[in-house]
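*Asks:* After the sequence you'll find the predicted model.
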Amino acid sequence: MSSNPASSWEIVIGLETHVQLSTASKMFSPAPTAFGAAPNTQASVVDLALPGALPVANRAAVERAIRLGLAINATIAPISVFARKNYFYPDLPKGYQISQFEIPVVQGGVVPFLFNGELRSVQLTRAHLEEDAGKSIHGLAFEGGVATGIDLNRAGTPLLEVVTEPVMRSAAEAAAYARALHALVMWLDICDGNLQEGSFRCDANVSVRRPGGALGTRCEIKNLNSFRFLERAITYEAQRQIELLEDGGTVRQETRLFDPDRGETRTMRTKEDSHDYRYFPDPDLPPLVIAPAWIEQVRASLPELPGQMAERFMRDHALPAEDAAYLTQSRAHAAYFEACLHAMGGRNDESHAAKLAANWIMGELAAHLNRAELELDASPVSAAQLGQLITRLQDGTLSSKTAREVFAALWDAGFRCDGAGEAKDVDAIIEARGLRQVSDTGAIAAAVAAVLAANPKNVEEYRAGKAKALNALVGQVMKTSGGRANPQQVGEALRAALDAPPPSSPST
């Protein structure tokens, strides 16, 4: 199967994202939500659906829903309703899931994100509160054979299901939106965002149509907990539907799973419609009433949002949109950048200095973090150290080459836990390694004279109009100085010597 859908077809994508809320207890019971506990040790009588056990809505979960709604400029419903969604799963003890249907707590809203250098936004339909199901564990050893076990620790865990309109038109765009939503819920501190533990997982609704035509039959790909898998699954599924239609077949509405090892989707079950779930208001739960005062209280507690901060970085520091988006991908990145600017002192209001800091964070620092498979908050190089390093680069103490050498020394020293080795102070490393840039005009002039005398061919080429010959001469001077000569001064000294008229011959 080819990797890209045919250009004569249009892909239509909508995402339903299950955001596990970062509450200490479950949506309708006091049972804990900690990940990794022994099976069935965190299920209360409510989660087990024992007779007479009544649910009570978790106020902290509702507040997290309000936080997201305010952050995406959605409408917070003053009154919303919990409903029973009826279906059978072995790990759903009640035989129904408590969710929201006709009146969700969050209605509408927009998630902005940067895609291919352009600001995009995805319109949301809703975000509703619900409880999670338990978990079936297959392949357990049992009496000489294998069996399936049911772990109800996850049953009742609070979820906020975020549903988009079917407005995305490529797998890459859907993945970019999912990353933006993931960053936002972590920024708001309503979800830990742990993909491996299932705290953030997407269902992708995919259909294809001729451009401008009616919507096609959609298939839902369930439980995608990797942005890379999300993109691969959508790409495969769209191409599968296109090839099926072009061969004269029809797409059947169904739920499918993605097999990352084989890179393909496969049928899980026939897709239900909403009427199949027989929704009706849960008689054990009163309507959820959210007073305006509560909404304003939550609004006052919101941090500066990523979009707002990105606009501030562009306005105050003249950063490009791509840089501002990168630096606001998480609160850790934004804090690191601002701490780096603070360490640079009075230079933090200069756009050149801010751009230099952004370049180092997105370049050298990001490369080292990727190679070491570390998150930013585990970086051995602090923001204060990077700020000091950039200051030394700006004041001419370091060249770009020696600055990278100092960064590597800071990084390596940061992994030493016994206090041995070089100090982690930038200036101490510069002095210990003799990396201070040579800016002495006399020393540079002497090095330039020696290089010109030793490279007459390059001198002749430059004077014949070959400008690239100058670069070769600059490289020779830098090599002679061990990379410590100020490259700008070297270039200026070389041009002055090469462009000067030759000395006149003495008269006879």
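*Replies:* Thanks, I have the structure now.
*Asks:* Got phi/psi on residue 82?
*Replies:* phi -90, psi 140 (degrees, to the nearest 10).
*Asks:* and it, how many neighbours?
*Replies:* For residue 82, the count of nearby residues is 25 (other Cβ atoms under 10 Å). (Each C-beta comes from the backbone N, C-alpha and C, glycine too.)
*Asks:* measure it to residue 373 for me?
*Replies:* Distance from residue 82 to residue 373, counting by Cβ to Cβ, to the nearest Å: 42 Å.
*Asks:* Report the secondary structure state of residue 34.
*Replies:* Under DSSP: H, G, I helix; E, B strand; the rest coil, the three-state class of residue 34 is coil.
*Asks:* Which pLDDT value belongs to it?
*Replies:* Listed pLDDT for residue 34 reads 94.
*Asks:* Specify the local secondary structure of the residue lying closest to it once chain neighbours are set aside.
*Replies:* The spatial neighbour of residue 34 that comes closest, neighbours along the chain excluded (Cβ to Cβ, 6 or more residues apart in numbering), is residue 42 at 7.0 Å. Going by three-state DSSP, the secondary structure assigned to residue 42 is coil.
*Asks:* Thought residue 30 was touching residue 42, still the case?
*Replies:* No: with contacts counted by Cβ atoms under 8 Å, residue 42 stays clear of residue 30, the gap being 10.6 Å.
*Asks:* And the two? Which one has more around it.
*Replies:* Legend: neighbour count by other Cβ under 10 Å for residue 42 and residue 30, higher for residue 42 (23 against 11).
*Asks:* What separation is there between that one and residue 140?
*Replies:* Note on residue 42: its distance to residue 140, by Cβ to Cβ, is 19 Å.
*Asks:* and residue 88, what pLDDT?
*Replies:* pLDDT recorded at residue 88 is 85.
*Asks:* pLDDT at the closest residue in space to it that isn't next to it in sequence, what is it?
*Replies:* Closest residue to residue 88 in three dimensions, ignoring its sequence neighbours and counting by Cβ to Cβ, 6+ apart: residue 95, at 6.2 Å. Per-residue pLDDT puts residue 95 at 92.
*Asks:* And what about the closest residue to residue 58 other than its chain neighbours, helix, strand or coil?
*Replies:* Spatial nearest neighbour of residue 58, chain neighbours left out: residue 27 (5.3 Å); criterion: Cβ to Cβ, 6+ apart. Residue 27 falls in the coil class when you classify it by three-state DSSP.
*Asks:* Please report how far residue 27 lies from residue 102.
*Replies:* With distances taken as Cβ to Cβ, residue 27 is found 19 Å from residue 102.
*Asks:* try residue 433
*Replies:* When Cβ to Cβ is the yardstick, residue 433 and residue 102 sit 69 Å from each other.
*Asks:* quick one, which of the two is more surrounded?
*Replies:* Neighbour tally, residue 433 and residue 102, criterion other Cβ under 10 Å: the higher count belongs to residue 433, 13 against 10.
*Asks:* what sits against residue 60?
*Replies:* By Cβ atoms under 8 Å, 6 or more residues apart in numbering, the contact list for residue 60 reads 21, 23-25.
*Asks:* who wins for most neighbours among those?
*Replies:* Note: the member of these with the most neighbours is residue 21, at 26 neighbours, neighbours being other Cβ under 10 Å.
*Asks:* Could I get the contacting residues of that one?
*Replies:* Residue 21 makes contact with 60-61, 64-65, 158-160, 190-191, according to Cβ under 8 Å, 6+ apart.
*Asks:* ok, the contacts of residue 60 vs residue 396, which is closest?
*Replies:* Taking Cβ to Cβ as the measure, residue 21 is the one of those closest to residue 396, at 51.7 Å.
*Asks:* ok so, going back, tell me the phi and psi of the residue nearest to residue 34?
*Replies:* Listed backbone geometry of residue 42 is phi -130, psi 40, with angles given as degrees, to the nearest 10.
*Asks:* From here on, call the first residue 15.
*Replies:* With the count now opening at 15, the last piece we talked about shows up as residue 56.
*Asks:* Could you measure from the residue lying closest to residue 80 once chain neighbours are set aside over to residue 138?
*Replies:* The shortest distance from residue 80 to any residue other than its chain neighbours is 4.7 Å, reached at residue 312 (Cβ to Cβ, 6+ apart). In this structure, residue 312 lies at 18 Å from residue 138, with Cβ to Cβ as the measure.
*Asks:* And the two? Which one has more around it.
*Replies:* Taking residue 312 and residue 138 together and counting by other Cβ under 10 Å, residue 138 has the greater number of neighbours (25 against 19).
*Asks:* Just say helix, strand or coil for the more buried one.
*Replies:* Residue 138 ends up strand, using three-state DSSP.
*Asks:* Next, find the distance separating the nearest residue to it once chain neighbours are set aside from residue 90.
*Replies:* Leaving aside its sequence neighbours, residue 138 sits nearest to residue 123 (Cβ to Cβ, 6+ apart; 4.3 Å). As for residue 123, its distance to residue 90 is 10 Å (criterion: Cβ to Cβ).
*Asks:* Name the residues contacting each of the two.
*Replies:* Contact criterion Cβ under 8 Å, 6+ apart; residues shared by residue 123 and residue 90: residue 83.
*Asks:* Surely residue 161 and residue 154 touch.
*Replies:* Yes: with the criterion set as Cβ under 8 Å, residue 161 and residue 154 qualify as a contacting pair; they are 5.1 Å apart.
*Asks:* Tell me where the stretch 165-314 of the chain has helices.
*Replies:* Listed in chain order, the helices of the stretch 165-314 of the chain (DSSP state H, counting those that start in this stretch) span residues 185-201, 241-260, 306-315.
*Asks:* Quick check: which of these is buried the most?
*Replies:* Greatest average neighbour count among the helices of the stretch 165-314 of the chain goes to helix 185-201 (a mean of 22), per mean count of other Cβ atoms under 10 Å.
*Asks:* contacts for the worst-scoring helix or strand of the chain on mean pLDDT?
*Replies:* With mean pLDDT, DSSP states H and E as the measure, the helix or strand of the chain carrying the lowest mean pLDDT is helix 501-513 (a mean of 74). With Cβ under 8 Å, 6+ apart as the contact definition, helix 501-513 has outside contacts at 413-414, 453, 455, 458-459, 461-463, 466, 473, 476-477, 484, 487-488, 491-492, 495.
*Asks:* got any ranges where the chain has weak pLDDT?
*Replies:* In the predicted model of the chain, residues 15-20, 285-286, 360-364, 429-437, 451-457, 497-498, 500, 502, 516-522 satisfy pLDDT under 70.
*Asks:* do that again at 50, thanks
*Replies:* Low-confidence segments of the chain, defined by pLDDT under 50: 16-19, 362, 431-436, 522.
*Asks:* care to break it down by domain?
*Replies:* According to automatic domain parsing, the chain is divided into the following domains: 24-308, 318-447, 455-513.
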